[in-house]
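Asks: Pasting the sequence and the predicted coordinates here, then a few questions.
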Amino acid sequence: MPSPFPSAICRLLPALKQTISFTNQIGLLYIAILMKACVMDNTITYLTTADLDSTRAILLAQASSLTYDAFDKQNPAECLEVSPPDGYDFVDYWTGVDAIFNKYKTVECYGVVFRSQQSPYTYIFAFRGTYSTEDLIDTFGVNHTTFVPYQEDVVVPSKLRVESGFYHIYSNSDGNTPSMQNQVFALVDKYQASEKPIDTLYITGHSLGSTLSTLFTLDMALSRPDIKSASYNYASPRVGNQAFVEFYQQQAPQQNPETRTIRIQNVYDKVPCDPFKYEGYQHLPYAYLVSFSRDNLMGKFEVIDNHHYKNYKTVLNCALESESGFCERTFDYDQDKTMKSVKPDPSQVCRYWL
């Protein structure tokens, strides 16, 4: 899609920046944000409800939300057992290593596994989003790093880069706890050797969890290409550069509409606008839009409520049940806050002005 600003405004911003005093840090920061917002993804295909598997979309939205329930603030390294989606059992979990600037490492519950009760067996690997302070700091990283698949002899393009904070959570170990990457592949291999092997693997996550699910989805295509996998994720930030997106889209699951990765995004959610394309990042190309915000004057700029997984679930269910294919209604959320959902307008994606 085009920049969320008129081109004339984008051309004026560099000159405007020069007129702001160096001591006016807030003004400089705001101009910097606006300049970055001028350069947006321009290769996104926006899907309709007809392009979605509605049952899968609702199932994986529920599964991704359950990862937050599994996180125990008092004992973050252990996952709580949660009530699974209908027709599934809770079977496993994994952890990840958070690090503030790649130091001060802590182990946290980061994902859960659900398995269908009937064969052939569908497994869901659901990754948790931001919950702790360490998660939040990792999420704000903008540095690039290389991506190394679990199957280390697989060759990836030399120019491929991913955001370092996301990748370090996926790949780091604290010396005692195996990396998340090693844990999830150990689970995959364990299930494949069991009496209940994987027929289909669904991969999902919300927010930070969606970036981890994206890394794992690519890793599965490279390291275990014989296993059928598919991914829907929710409120995903950008994960990698253009070389990452191109390589990701070359993998077999992305050639099939039934298994390609679909990002579900609220047009007023600013988290998917980060990291910026200005820093070299690009979104995966297939997105399904929803549109909700706080029902007040500044509601479109509300960060937490416009990003919350509960609101994504509510609006997605409403849209998929509607004959029109989108949700148009108000609903209450979190201590009588009122949210408003309307027909999505792609021109509003990552728009920083009214």
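Replies: Now that the structure is in, tell me what you want to look at.

Asks: Does Gly96 belong to a helix, a strand or coil?
Replies: Assigned with DSSP: H, G, I helix; E, B strand; the rest coil, Gly96 falls in the strand class.

Asks: shift numbering so it begins at 44
Replies: From this message on, residue numbering opens at 44, which makes the last subject Gly139.

Asks: Show the contacting residues for it.
Replies: 150-151, 153-154, 212-213, 215, 222-223, 255 (CB atoms under 8 Å, 6 or more residues apart in numbering). Quick note: C-beta positions are derived from backbone N, CA and C, even for glycine.

Asks: in the stretch 244-393 of the chain, what spans have low per-residue confidence?
Replies: Residues of the stretch 244-393 of the chain meeting the criterion pLDDT under 70: none.

Asks: if you set the cut-off to 80 instead, what comes out?
Replies: Within the stretch 244-393 of the chain, the ranges that satisfy pLDDT under 80 run 320-321, 378-379.

Asks: ok, which stretches of it are strands?
Replies: 271-277, 305-309, 329-333, 335-337, 372-376, 380-384 (DSSP state E, counting those that start in this stretch).

Asks: Using CSV, lay out the ones you listed together with distance to Asn118 and mean neighbour count.
Replies: What follows is the strands of the stretch 244-393 of the chain, written out as CSV (distance: least, CB to CB, whole Å; neighbours: other CB atoms under 10 Å):
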stretch, distance to Asn118, mean neighbour count
strand 271-277, 26, 25
strand 305-309, 31, 25
strand 329-333, 34, 22
strand 335-337, 34, 24
strand 372-376, 28, 14
strand 380-384, 30, 18
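
Asks: how about the ones you listed in JSON lines, adding distance to Tyr193?
Replies: JSON lines is the format used below for those (distance: least, CB to CB, whole Å):
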{"stretch": "strand 271-277", "distance to Tyr193": "13"}
{"stretch": "strand 305-309", "distance to Tyr193": "23"}
{"stretch": "strand 329-333", "distance to Tyr193": "24"}
{"stretch": "strand 335-337", "distance to Tyr193": "37"}
{"stretch": "strand 372-376", "distance to Tyr193": "39"}
{"stretch": "strand 380-384", "distance to Tyr193": "39"}
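
Asks: between those, which one is nearest to Asp129?
Replies: strand 271-277 (17.7 Å; CB to CB).

Asks: Can you name every helix or strand that that closest one contacts?
Replies: Secondary-structure packing of strand 271-277 (3 or more CB pairs under 8 Å, 6 or more residues apart in numbering; DSSP states H and E): helix 97-113, strand 241-248, helix 251-266, strand 305-309.

Asks: So for the first one, what gets flagged as buried?
Replies: Just to be clear, that refers to helix 97-113. Buried residues in helix 97-113, counting neighbours by 16 or more other CB atoms under 10 Å, are found at 99-111, 113.

Asks: Pull up the gap between His187 and Tyr210, please.
Replies: Noted for His187: a distance of 9 Å to Tyr210, by CB to CB, to the nearest Å.

Asks: neighbours around Leu327, how many?
Replies: Neighbours of Leu327 under the rule other CB atoms under 10 Å: 26.

Asks: residue contacts, it?
Replies: For Leu327, the contact set (CB under 8 Å, 6+ apart) comprises 257, 279, 282, 288, 291-292, 304, 306.

Asks: what do you get for Ala120?
Replies: Contacts of Ala120 (CB under 8 Å, 6+ apart): 138, 150-152, 220.

Asks: which of those lies closest to Ala169?
Replies: Cys152 (11.6 Å).

Asks: just to revisit the earlier point, neighbour count winner among His187 and Tyr210?
Replies: The neighbour comparison of His187 against Tyr210 (other CB under 10 Å) goes to Tyr210, with 25 against 18.

Asks: What does the pLDDT read for that one?
Replies: If you check Tyr210, the pLDDT there is 95.

Asks: Would you mind naming the helix or strand containing it?
Replies: helix 207-214 (DSSP states H and E).

Asks: so what does that helix touch, helix or strand wise?
Replies: strand 131-143, helix 176-182, strand 187-188, helix 223-235, helix 251-266.

Asks: I'd like these laid out as JSON lines, including distance to Ile241.
Replies: Listed next are the helices and strands packed on helix 207-214 as JSON lines, based on distance: least, CB to CB, whole Å:
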{"stretch": "strand 131-143", "distance to Ile241": "12"}
{"stretch": "helix 176-182", "distance to Ile241": "28"}
{"stretch": "strand 187-188", "distance to Ile241": "29"}
{"stretch": "helix 223-235", "distance to Ile241": "5"}
{"stretch": "helix 251-266", "distance to Ile241": "10"}
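
Asks: wait, what's in contact with the nearest residue to Ala264 once chain neighbours are set aside?
Replies: The shortest distance from Ala264 to any non-neighbouring residue, by CB to CB, 6 or more residues apart in numbering, is to Gln294 (3.8 Å). Contact partners of Gln294, counting by CB under 8 Å, 6+ apart, are 261, 264-265, 268.

Asks: try Arg171
Replies: Taking CB under 8 Å, 6+ apart, we find Arg171 in contact with 110-111, 113-114, 152-154, 248, 251-252.

Asks: again with Pro268
Replies: Here Pro268 is in contact with 294-295 (CB under 8 Å, 6+ apart).

Asks: Kindly recompute the last result at 10 Å.
Replies: By CB atoms under 10 Å, 6 or more residues apart in numbering, the contact list for Pro268 reads 194, 197, 294-296.
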